[in-house]
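In: Structure here, sequence nowhere to be found:
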């Protein structure tokens, strides 16, 4: 199966990646290359919308973990949304990302981002 990735720049330094298909030993380099192009000092957030991902192997998870570490070095964040149930189970089991980095849907993520930008005083 192939992998396609739609890229949306939401704001300066904030990107949404929308992969569609399987992220496996044949296709993980597609995701890795796309993410690597975004790993610049001005990138603050990469959101990966997993809604159309049908399968992920350890190689795909490795790409996501590596990108998360790279972003954290620059005080950025990698966030996941819309994980299909079987893929969410994989992330839950291996604890590849902190729980606060995985969101059920875009609305939940937006609520989190609003709270971060407007903390109670």
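Out: It's in. Being a predicted model, the structure only gives us computed values, none of them experimental. Residues are numbered from 1 along each chain as shown.
In: Pull the number of nearby residues for residue 69.
Out: Applying other Cβ atoms under 10 Å, we find 10 residues neighbouring residue 69. For every residue, glycine as well, the C-beta is placed using N, CA and C.
In: Distance of it relative to residue 110?
Out: 25 Å (Cβ to Cβ, to the nearest Å).
In: How about residue 31: what's its closest non-neighbour residue?
Out: The shortest distance from residue 31 to any residue other than its chain neighbours is 5.3 Å, reached at residue 63 (Cβ to Cβ, 6 or more residues apart in numbering).
In: again with residue 9
Out: The spatial neighbour of residue 9 that comes closest, neighbours along the chain excluded (Cβ to Cβ, 6+ apart), is residue 15 at 5.6 Å.
In: Confirm for me that that neighbour is in contact with residue 43.
Out: Yes - in this structure, residue 15 sits in contact with residue 43. The criterion is Cβ atoms under 8 Å, and the distance is 6.9 Å.
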